[in-house]
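# sequence plus predicted model, see below.
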Amino acid sequence: QMSSSIEKPGIDGRNSAADRVVEAHLYGAQLVEGEVPIMRREGSIVVNVEDTLRAFEDDVDAITFNHSVHNAMRKFARNSVLKKVKSGQSSSSAPDTVAQQRKLQLQQFVQATKVLLMTYEKVYESKEPTDLAMKRMLGPQLQYFVNCMLTKFNFKNRVSVRALKFYADSLLLLGELVKAEEALETAQNIALQCFNPTDLDLFDILRDRASVLARLGEKEQTAGVLEQCITIIEQLDGEDMLSKESELLNELAQVHSNIGNLNYANSLLERSLSIKESLHGSMSLEICDTLSRLAMLRNKKGEPNQAHSQLQRVMRIQERHDVPRHEFGSTLCNMAAVNAALGEHEKSKVLYQSVLATQERQYGQWYPEIATTLSNLAMVHMALGEYEEAKDCLIRTQKIRSRVYGRKHPLVASTLTNLASVVFTMGDMKESMKLNEDALEIQKACYPDAHPLVAVTLKNMAMIENSVGNLDKAKTLYERVLQMEELVYGELHPAVASTLNNLADTVLEQGETAKAAVLFQRAMETNEIVFGKDHPDIARNLNNLGRAFKEMGDYDGAKSKLMMSLQMKEKRYGEDHINLVPTLMNLGDLFNLTKQPQRAKDVLTRGLKICEKRVGMKHPDSAKMLRLLGNSFYLMGDLPTSERLLNKSLDILEGVYDTDHPYILATRADLGACSRPVGARVF
């Protein structure tokens with residue numbers, strides 16, 4: 001990031017008389033030796049001073065300004081010096097007066113620029129809501145100044161680069177990612193023309209641009225720009241430069257992790273950690289960020305136990321240095337995410353709630369980071385089946401982000417997408433679709449057409465179409481998402497594998513079981529290449545293949561795949577992890593289909609105990625287990641127990657979903673079948 005004060009630039013890099021005047025006023029007259037040059041009038045055109053300045057006044061009054069900046073701009077627009085034109089000369093006819101006017105305009109513009117940049121500098125790195133509001137308000141002023149610099153005065157120097165940097169920052173607050181990237185690209189081009197190749201202002205602009213490109217989903221470009229930054233830093237000496245190199249390696253690792261190059265990302269983080277440890281030691285606070293990144297990468301690679309150990313090391317270091325509790329937030333959030341991966345959702349919830357309480361005490365109710373914690377907490381509530389709590393968290397998240405960033409910001413869109421997922425799970429398909437459509441409208445204004453977050457929203461919409469029976473629409477949307485993700489990531493990426501699974505689900509429901517099996521197989525092969533054969537996603541892929549074989553009537557093949565999935569999950573997570581539940585559910589259903597109700601009962605009873613322990617008996621997964629278990633007792637001829645279990649399942653489902661939800665309709669159908677003799681019912 002840029003330093004917190006405007007630094008004095010080197011003499012090189014100034015390439016015009018206007019540059020010299022601006023730098024003299026901003027950084028001190030000692031930078032420019034001799035007389036400040038006067039701008040010449042352009043060609044034979046004579047400017048009417050009064051008309052020109054009146055136009056400037058109109059422009060100023062059309063924008064809502066910070067008071068001090070407004071006054072500076074008014075001085076730029078109309079200056080008392082104009083009243084002192086010698087001998088009553090007409091401002092429209094005296095060449096020397098035109099020269100004075102041009103010089104005066106330039107000087108006043110410089111003073112206004114100084115006020116504006118210093119005003120923005122004070123709030124640049126702040127995340128306080130009032131400061132974010134100030135930055136949003138200063139955005140139109142920055143736009144006006146930037147346009148004047150680049151068109152009227154043709155400035156190409158550090159001042160214009162700084163102004164473009166701040167303008168881009170204000171655009172980001174408004175969610176204008178494409179415009180922000182364009183502003184930073186302009187700043188980069190100016191810096192490349194005017195600065196030395198190893199200039200740190202050039203480095204800062206490149207780094208800012210990499211951050212925006214990453215948010216735009218331009219991962220390859222992001223990696224390229226970050227590598228340019230590393231090239232600059234590697235040519236400079238000093239401990240500070242090594243620290244910057246370590247930070248860049250961390251950022252580059254994140255990009256490659258998003259691309260799916262997990263092993264390369266790991267090597268970059270190891271390199272970063274080596275630099276930090278050589279500079280500060282193996283128990284220093286400076287290594288904690290890189291250690292945390294390594295932990296979360298290991299979590300992504302399906303190694304939550306190793307991630308947990310790494311985060312415990314981070315916490316020991318922070319405790320040794322007496323880090324205040326409120327500064328533990330990011331570590332505790334990472335630990336919560338790892339606990340969720342380990343199936344310890346209650347522990348995860350407690351950690352997020354602890355972080356939230358600390359943030360609220362420290363910053364109040366409207367701090368932006370509170371929205372992030374609430375969003376994460378909502379996902380844990382979702383996993384626990386606490387849908388109303390999840391919905392409340394996301395509604396609050398939306399209010400915070402709308403107030404801080406405005407209603408058309410991409411973070412608001414992401415919140416709407418998450419809220420749509422909760423509402424979808426609760427069975428309100430119409431409201432879920434509306435929320436996704438609102439999110440998509442914002443995203444289309446902020447992102448290019450092929451963007452990962454746009455793909456996520458479209459994928460959610462496809463799930464809704466699939467759930468309401470519009471299988472053709474769902475298939476078309478999934479195919480569109482798949483094409484988009486392959487364009488963004490390439491064919492070998494976890495997001496592509498996820499969409500292949502979703503597409504296979506829809507194809508399976510359309511009755512194309514063989515095609516579904518091929519898609520499930522392709523998804524598994526993709527994950528094997530990205531993660532290796534022992535990753536948890538492979539177990540999920542085997543579970544899906546088992547479902548496909550079951551629908552194809554290949555019960556032996558289905559049993560083989562499901563048992564392999566179960567064994568992998570048991571090895572990875574232990575005997576009572578929540579991630580075992582889908583496979584146990586499918587195995588129980590398979591045993592019911594093959595008229596082995598006792599085996600089904602054993603498997604489903606085990607699954608029900610896991611649900612009761614991990615997510616409670618009000619969770620939809622518990623209801624699904626009860627329904628399948630009721631079917632097992634029906635097959636064994638125990639109709640009263642079957643009816644009791646099915647009624648219990650229905651009570652849970654009616655507490656979560658609307659009355660016409662498919663799960664409720666299916667359970668009622670099973671209850672109706674209990675009145676028929678065993679053997680008259682089809683499974």
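Arrived safely, thanks for sending.

# where does Ser421 sit: helix, strand or coil?
Under DSSP: H, G, I helix; E, B strand; the rest coil, Ser421 falls in the helix class.

# try Met524
The three-state label given to Met524 by three-state DSSP is helix.

# thought it was touching Asn541?
Yes. Contact criterion Cβ atoms under 8 Å: Met524 and Asn541 qualify, at 3.5 Å. (Each C-beta comes from the backbone N, C-alpha and C, glycine too.)

# okay, and the common contacts of those two?
Counting by Cβ atoms under 8 Å, 6 or more residues apart in numbering, the residues touching both Met524 and Asn541 are Ala497.

# more crowded one of these two?
With other Cβ atoms under 10 Å as the criterion, Met524 and Asn541 differ in neighbour count, and Asn541 comes out ahead with 26 against 23.

# run through who's touching stretch 322-338.
Counting by Cβ under 8 Å, 6+ apart, the neighbours of stretch 322-338 from elsewhere in the structure are 285, 288, 292, 295-296, 299, 304, 307-308, 311, 314-315, 318, 347-349, 351-352, 354-355, 358-359, 361-362, 369, 372-373, 376, 380.

# buried members of those into PyMOL, please.
Selecting just the buried residues from these in PyMOL takes one command, with 16 or more other Cβ atoms under 10 Å as the test:
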select buried, resi 288+292+295+296+299+304+307+308+311+314+315+318+347+348+349+351+352+354+355+358+359+369+372+373+376+380
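
# in helices, which of the contacts of stretch 322-338 fall?
Among the contacts of stretch 322-338, the ones falling in helices (DSSP state H) are 288, 292, 295-296, 299, 304, 307-308, 311, 314-315, 318, 347-349, 351-352, 354-355, 358-359, 361-362, 369, 372-373, 376, 380.

# just the buried residues of the helix or strand where Lys648 lies, please?
Element membership for Lys648, per DSSP states H and E: helix 639-654. Judged by neighbour count (16+ other Cβ under 10 Å), helix 639-654 contains these buried residues: 639, 642-643, 645-646, 648-650, 652-654.

# looking at the residues you listed, which is nearest Gln188?
The closest of the buried residues of helix 639-654 to Gln188 turns out to be Leu653 (Cβ to Cβ; 56.2 Å).

# so what pLDDT did the closest one get?
The predicted structure scores Leu653 at 90 on the pLDDT scale.

# for Cys148, same thing?
Note for Cys148: predicted pLDDT of 84.

# excluding sequence neighbours, find me the nearest residue to it.
For Cys148, the nearest residue in space outside its immediate sequence neighbours is Phe109; the separation is 6.5 Å by Cβ to Cβ, 6 or more residues apart in numbering.

# average pLDDT for the helix or strand hosting that neighbour?
Per DSSP H and E, Phe109 falls inside helix 95-123. Averaging pLDDT along helix 95-123 yields 75.

# quick one: list the elements packing against that helix.
Where contact means 3 or more Cβ pairs under 8 Å, 6 or more residues apart in numbering; DSSP states H and E, helix 95-123 is packed against helix 17-27, helix 49-61, helix 67-77, helix 129-147, helix 158-173.

# give me the buried positions along the strand or helix carrying Asn334.
Using DSSP H and E, the element containing Asn334 is helix 329-341. By neighbour count, with 16+ other Cβ under 10 Å as the criterion, the buried positions of helix 329-341 are 329, 331-341.

# and what of stretch 106-122?
Applying 16+ other Cβ under 10 Å to stretch 106-122 flags 106-117, 119-121 as buried.

# export only the CA atoms of stretch 192-206, formatted as PDB.
Provided in PDB are the C-alpha atoms of stretch 192-206 (Å, rounded to 0.1, in the frame of the first residue of the first chain):
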ATOM      1  CA  LEU A 192       6.000   3.300 -16.700                       C
ATOM      2  CA  GLN A 193       6.600   6.400 -18.900                       C
ATOM      3  CA  CYS A 194       7.800   8.800 -16.200                       C
ATOM      4  CA  PHE A 195       9.300   6.700 -13.300                       C
ATOM      5  CA  ASN A 196      12.300   4.500 -13.000                       C
ATOM      6  CA  PRO A 197      11.700   0.800 -13.500                       C
ATOM      7  CA  THR A 198      12.200   0.100  -9.800                       C
ATOM      8  CA  ASP A 199      10.200   3.100  -8.500                       C
ATOM      9  CA  LEU A 200       8.100   2.200  -5.500                       C
ATOM     10  CA  ASP A 201       5.200   4.300  -6.700                       C
ATOM     11  CA  LEU A 202       5.100   2.100  -9.800                       C
ATOM     12  CA  PHE A 203       5.200  -0.900  -7.500                       C
ATOM     13  CA  ASP A 204       2.300   0.400  -5.500                       C
ATOM     14  CA  ILE A 205       0.100   1.000  -8.600                       C
ATOM     15  CA  LEU A 206       0.900  -2.500  -9.900                       C
END
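
# check the offset of it from the chain's centre.
Relative to the centre of its chain, stretch 192-206 is centred 28 Å away, using Cα atoms, centre = their mean, to the nearest Å.

# tell me the helices in the stretch 501-650 of the chain, going along the chain?
Using DSSP state H, counting those that start in this stretch, the helices assigned to the stretch 501-650 of the chain run over residues 513-531, 536-552, 555-573, 581-593, 597-614, 620-635, 639-654.

# mind checking which of these is nearest Lys473?
The closest of those to Lys473 is helix 513-531. By Cβ to Cβ, the value is 17.6 Å.

# where are the low-confidence patches of the stretch 551-683 of the chain?
Counting by pLDDT under 70, the ranges of the stretch 551-683 of the chain that qualify are 675-683.

# same question but for the chain, I mixed them up
Using pLDDT under 70 as the threshold, the predicted model of the chain has low-confidence ranges 1-99, 101-102, 675-683.

# ok, now with 50
Counting by pLDDT under 50, the chain shows low-confidence ranges at 1-67, 74, 76-94, 678-683.

# run a quick neighbour tally on the closest residue to Val530 other than its chain neighbours.
Residue nearest to Val530 in three dimensions, not counting chain neighbours: Gly260, with 5.3 Å by Cβ to Cβ, 6+ apart. Under the neighbour criterion other Cβ under 10 Å, Gly260 is assigned a count of 21.
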